[in-house]
Every structure is written in structure tokens, then in C-alpha cells.
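>>> prediction below, plus the sequence it came from.
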Amino acid sequence: MTVRIAIVGTGYVGLVTGACLAELGHDVICIDTDARKIDGLNNGVIPIYEPGLDALVSRNVEQGRLHFSLDLPASVSEREAVFIAVGTPSHPGTDRADLRFVMGVAQEIAASVDRFTVIVTKSTVPVGTNRQVKQVAERHLRLGQTIAVASNPEFLREGSAIEDFLHPDRIVFGTENEAAAAVMRRIYAPLAQLGYEVLATEIETAEVIKYAANAFLAVKISYINEIADLCEVVGADVERVAAGIGLDRRIGAAFLKAGPGWGGSCFPKDTRALKATASEYVVPMRIVDAAIEANTQRKDAVVAKIEQACGGSVAGKRLAVFGLTFKGETDDVRESPSIDVIRALAERGAKIRAYDPSQPAEAARLLPMIGIASTPIGAIRSADAVVILTDWRHFVECDLGELAAHMSDPVMIDLRNLYEESWVRRNGFRHYVRVGRKSASVAQRQLSVQMVHRQIGWTPSQSDLLMLATTPAMAMNAAVPDDKEATVAIASAAAVSMTAGEAT
Ligand SMILES: NC(=O)c1ccc[n+]([C@@H]2O[C@H](COP(=O)([O-])OP(=O)(O)OC[C@H]3O[C@@H](n4cnc5c(N)ncnc54)[C@H](O)[C@@H]3O)[C@@H](O)[C@H]2O)c1
């Protein structure tokens, strides 16, 4: 049965939610304060890059189920549910979520409702926020009006947002009001009927589920990144390791992709906010802390890896960077690792030209010191190396031979493991470096070790490096208990003989 819904905040989440709820048959109006966005949408212009969103929006607008407005008071009138989908960035200078926008909107909604309305928080908010929304709203209601609140966290991923919304692993809502629960069930009935799981919980549980899920995924990525570092040193292949552990149903294959670290509009701010909430309640959050720390250091390690691949320094090197967004198939550059890595490379004297298929306007503002090309060839022409920082499908489909032919020195540093090494080399690249794969030479293995150890603040000595230069089997054979000198001598001989072997 159709529910009359308003959505306040027409960004990545609000617009996708609005279009998908309209697709499920509801009558939806999306509201925003950004006049350019709303005018554009009323003229068929989609403000974000999200595959499939154009068609979904235009179909539902044509069929009269989806509308856009700048006028909040008029738009929330006669609506059974009003969703809050505004941003909850980190509070400036702290780890806490900034709830100004959520509370401001809650107040505005309450002052305008003219029937029983459920205020549904879809924005990611710390535990306790929905109760605060209720208090704030109740203070601003007009005489005789009533509201209830529901927490309805969103789990969509940019780049596959429509698929995720319409085919969810689960829908979670938390409310303590029966009438609100009934409205929420009607909203999601079309998906429940298709067999998708609807989990109704207490308000606090729903709030915690969202942060616990995001932090867990961030931990998973940081974990595989550390395993990738180990793989580089010991001669294993992180892609195969990820496949090997991901096939275990207790672990699962998703979010086991080693790379330049996690970023985006959610994981960084949500892990920080979870940490802040836990600290308020004096609950240790050591694993999340470690993931945040590892992810920060990851970017330094990535920069060091690029420097090594460029012969030890990027000063004066012409680098092409592919990918500005935090992941493929989106135009979102919020807390993108690519932005931090580019800044660090530019500070070290690299001359950078970047290319991103979504041409994110925000990137030019964040990176005034680099050139941004509108084509891959525009970025790569005469480059000394190309660095892949985002996992766009488009990059997988690029003609590598053509790219190599336009470069001054065909070197590729692939921080997303997009290609097979043999394919890259066959297409003319003389040097191919990737993440978490066996290094080609003892020297590279030594550098990997140095980079890993730089992260934990320990610089290995020459003798340490000699020992670490051997394969694990050689090191085992070389070890002479209690006689470090003898061990180093044997390891050194083993390393030399292995280097000779690799050179042939
Ligand atoms: N982006 C994601 O992948 C994702 C996924 C799950 C959850 N979330 C959460 O959803 C929330 C929204 O994220 P987003 O990425 O859509 O943010 P966004 O910045 O893309 O969109 C927020 C929108 O709210 C509008 N807005 C701000 N104040 C307003 C007001 N007073 N009235 C009306 N509109 C107002 C802004 O103009 C903007 O269009 C955040 O809490 C985020 O953590 C995001």
C-alpha cells in the first residue's frame, strides 16, 4: 500500500532512497536546501554519478511518484513518514559526529507536520541520537500534533547503491512506537514480500548496528592490507590469500581487497564517531583504534612504495594518476586515499596529471597543484610512471598497449591489483608493481621490509636486511642459534646465491 513519504536531504543517500522508495510504489518528495540541485533534478539533471540513477529517477518522475522541492514546510505536510538523510560529518576538530544538520531538520519537520508523522533517521547517527531527535521535535510541534521516531540506518554502497537498496542483505529499523513500526513495515513491505530480511529492533540496537557494521568492514580492509605487507616480504600472493580465506563462509570474500586504504564519506567519519561514543561511555575500542591507525599509516606506506618504484624519489618525475574518487563507479572524493596520496607526492616534487572517469568537480578544488586530464591519454602522455589508485571498471578495460606507447617510461604502480602481471608486461610496461604480491627480486623484498618496518618505527640494519632477503626456507636453514654473526654470514651467502639465481 502506498505510503506518502518526504525525504529531507537529497544527496547520495536521500536521492537513491527517494528514487527507490518511489520505485517500490510510494509517493515520494525529496527536499534539499541546495537550489541548484533541486532545480537540476526538476529539469532532469542528476547531481551525482551513480550507475542506473538517471533512468530510475526519470521513470518515477514521469509516473508521478517522485517530486523535488526546496520548500520543507509545504512538502512534509500530510506525509506519514519524513526521512532525515542529511550529512553527519565529523564535528570540526573532534571525532564526534556533527549532528547540527540532523537536529536542525528535526526541528523544522516538527514545526510543519499536520498529522501523526514518523520521523525516520536514515543519516548515520551515534547511539542516543534518535531519542534526542524525539525530544527536539516534541519541543517544536504545533498544538495537537504528534510524532514518533524510528532509526532506519542505510547500508547502500556508492557505485551499486540502487542494487543494494532494492536487493538488500537486510533492512533494519528501530522504534518503540507501534504505529511507527506499522508505517515502517508498510514502507518496506514490497521488499519483505520478496523475501528480504526485515530486522525490527530497539532504537539503540539499530543505531549501533550501523556503526558496528561499518567499523567491521573497515577492520577487514585494514587486516588484509597488513596481510598484504606480509605477503610482499615472504613471497606470498595476497589475492590468493584473500581467495583462500574468503571461501571460508565464516569469513566471507567481501572487503578483502588489499589496496591504498579505506576512505570515502562513511568509514573514516563513522569509525571516528564510534571511537568517540565508546570513549564517552568509557568502553575500550582497541580493534577499531588499530584499524584507524593502520589506515593512516597505509597512505605513507603507499607513497613510499611509489617512490621506490620510481627509483627512490618522485622529485621531478612526471606521474599519471588514475583515479581520484575513494572507489570506482562514484564521483565521491570525500576522504579519498587518492587525494592524500597525490598531495604527498606533489609535496615531494612530483608533477602530476590525474584522470578520473567521473571527472569529480570537487577534486580540482582539493588539488589545485595538479593537472586534471579529461582522458586517460591526456594524463599519461610523456609520464615517467602511472599510478592506479581507484578500482574503476573502466581502467580494467583500458588499452594498456596504447597507454604504454604514450609514456616516457612505461612503469605501472597498481595499488588496486587490477591487472595480471603477464598482461601488463606483454602490453609494453617494463616495470609493474602491485600490492601484496611476491616481489620480483631480493632488492625489492628488502625494500618491502623496510617499508613495513618504517611504519612501526624500526629501521632494519644491513644484517637484518640480509637475513630478511632470504626466502623463509633459506632463513630457517641459515639460522644458527645464539650466533648472530654466523647466521648473517650464511644468510648473506644464501641471499647472494639467490640473487644470482633470480638474475638468470
Ligand atoms: N554516502 C553513502 O554511501 C552513505 C551510505 C550509508 C549512510 N550514509 C549516511 O547518510 C547520510 C547522508 O550522506 P550522503 O552521502 O547522502 O550526504 P550528502 O552530503 O551527499 O547529502 C546530504 C544532503 O543534505 C542536504 N542538506 C543539508 N542540510 C539540509 C537541510 N537543512 N535541509 C535540506 N537538505 C539539507 C545537502 O544539501 C545535501 O544535498 C550521512 O549520515 C551518511 O553517513 C551515507
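Good, I have the coordinates.
>>> got the residues of the stretch 51-200 of the chain near the ligand?
Taking C-beta under 6 Å from any ligand atom, the part of the stretch 51-200 of the chain that reaches the ligand is made up of 85, 86, 87, 88, 101, 104, 105, 123, 124, 154, 156, 158. (Each C-beta comes from the backbone N, C-alpha and C, glycine too.)
>>> show me what contacts the fourth one?
Translated: residue 88. 97, 98, 99, 101, 102, 123, 124, 125, 269, 273 (C-beta atoms under 8 Å, 6 or more residues apart in numbering).
>>> element containing the residue of the stretch 301-450 of the chain found nearest the ligand, please.
Relative to the ligand, the nearest point of the stretch 301-450 of the chain is residue 332 (6.8 Å; C-beta to the nearest ligand atom). Assigned by DSSP states H and E, residue 332 belongs to neither a helix nor a strand.
>>> per-residue confidence at the closest residue to residue 352 other than its chain neighbours?
What sits nearest to residue 352 in space, not counting adjacent residues and going by C-beta to C-beta, 6 or more residues apart in numbering, is residue 370, at 4.1 Å. Here, the pLDDT recorded for residue 370 equals 98.
>>> distance of residue 222 from residue 287?
Look at residue 222 and residue 287: by C-beta to C-beta, to the nearest Å, they are 9 Å apart.
>>> more crowded one of these two?
residue 222 (24 against 13; other C-beta atoms under 10 Å).
>>> tell me the contacts of that one?
Residue 222 neighbours (C-beta under 8 Å, 6+ apart): 261, 262, 290, 291, 294, 295, 298.
>>> do the same with residue 98
For residue 98, the contacting residues are 88, 89, 90, 91, 92, by C-beta under 8 Å, 6+ apart.
>>> of the residues you listed, closest to the ligand?
Set against the ligand, the nearest of the contacts of residue 98 by C-beta to the nearest ligand atom is residue 88 (3.7 Å).
>>> quick one, phi psi at the closest one?
Per-residue torsions, residue 88: phi -130, psi 70 (degrees, to the nearest 10).
>>> same thing with residue 198?
When read as degrees, to the nearest 10, the backbone of residue 198 gives phi -110, psi 120.
>>> from memory it sits against residue 169, does it?
No - taking contacts as C-beta atoms under 8 Å, residue 198 lies outside contact range of residue 169: 11.5 Å.
>>> so the two - more neighbours on which side?
Between residue 198 and residue 169, counted using other C-beta under 10 Å, the more crowded position is residue 198 (15 against 9).
>>> returning to that earlier point: for the residue of the stretch 301-450 of the chain closest to the ligand, give its distance to residue 92.
Distance of residue 332 to residue 92, given as C-beta to C-beta: 20 Å.
>>> and the next element down the chain from the helix or strand encompassing residue 163?
Using DSSP H and E, residue 163 sits within helix 161-166. Going down the chain from helix 161-166, the next helix or strand is strand 171-174, by DSSP H and E.
>>> that next one: what's the following helix or strand?
Per DSSP H and E, the first helix or strand lying C-terminal to strand 171-174 is helix 178-193.
>>> pull that next one out as PDB, backbone CA atoms only.
Provided in PDB are the C-alpha atoms of helix 178-193 (Å, rounded to 0.1, in the frame of the first residue of the first chain):
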ATOM      1  CA  GLU A 178       3.700   0.500  17.500                       C
ATOM      2  CA  ALA A 179       2.200   2.900  15.000                       C
ATOM      3  CA  ALA A 180       5.600   3.900  13.700                       C
ATOM      4  CA  ALA A 181       6.600   0.200  13.400                       C
ATOM      5  CA  ALA A 182       3.400  -0.300  11.300                       C
ATOM      6  CA  VAL A 183       4.400   2.600   8.900                       C
ATOM      7  CA  MET A 184       7.900   1.200   8.600                       C
ATOM      8  CA  ARG A 185       6.600  -2.300   7.800                       C
ATOM      9  CA  ARG A 186       4.300  -0.800   5.100                       C
ATOM     10  CA  ILE A 187       7.200   1.200   3.600                       C
ATOM     11  CA  TYR A 188       9.400  -2.000   3.300                       C
ATOM     12  CA  ALA A 189       6.500  -4.500   2.600                       C
ATOM     13  CA  PRO A 190       7.400  -4.700  -1.200                       C
ATOM     14  CA  LEU A 191      10.900  -5.900  -0.200                       C
ATOM     15  CA  ALA A 192       9.800  -8.100   2.700                       C
ATOM     16  CA  GLN A 193       7.300  -9.800   0.300                       C
END
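>>> in that helix, what counts as buried?
By neighbour count with 16 or more other C-beta atoms under 10 Å, helix 178-193 contains the buried residues 180, 181, 183, 184, 186, 187, 188, 190, 191.
>>> for the next helix or strand after it, buried residues please.
The element immediately downstream of helix 178-193 (helix or strand, assigned by DSSP H and E) is strand 198-201. By neighbour count on 16+ other C-beta under 10 Å, the buried set for strand 198-201 is empty.
>>> check stretch 131-145 too.
Buried-residue list, stretch 131-145, by 16+ other C-beta under 10 Å: 132, 133, 134, 136, 137, 140, 141, 145.
>>> stretch 245-262 too?
245, 246, 255, 256, 257, 258, 259, 260, 261, 262.
>>> farthest-apart pair in those, please.
Pairwise distances across those peak at 20.8 Å for 245 and 260 (criterion: C-beta to C-beta).
>>> where's residue 424, which helix or strand?
Residue 424 belongs to helix 421-426 when assigned by DSSP H and E.
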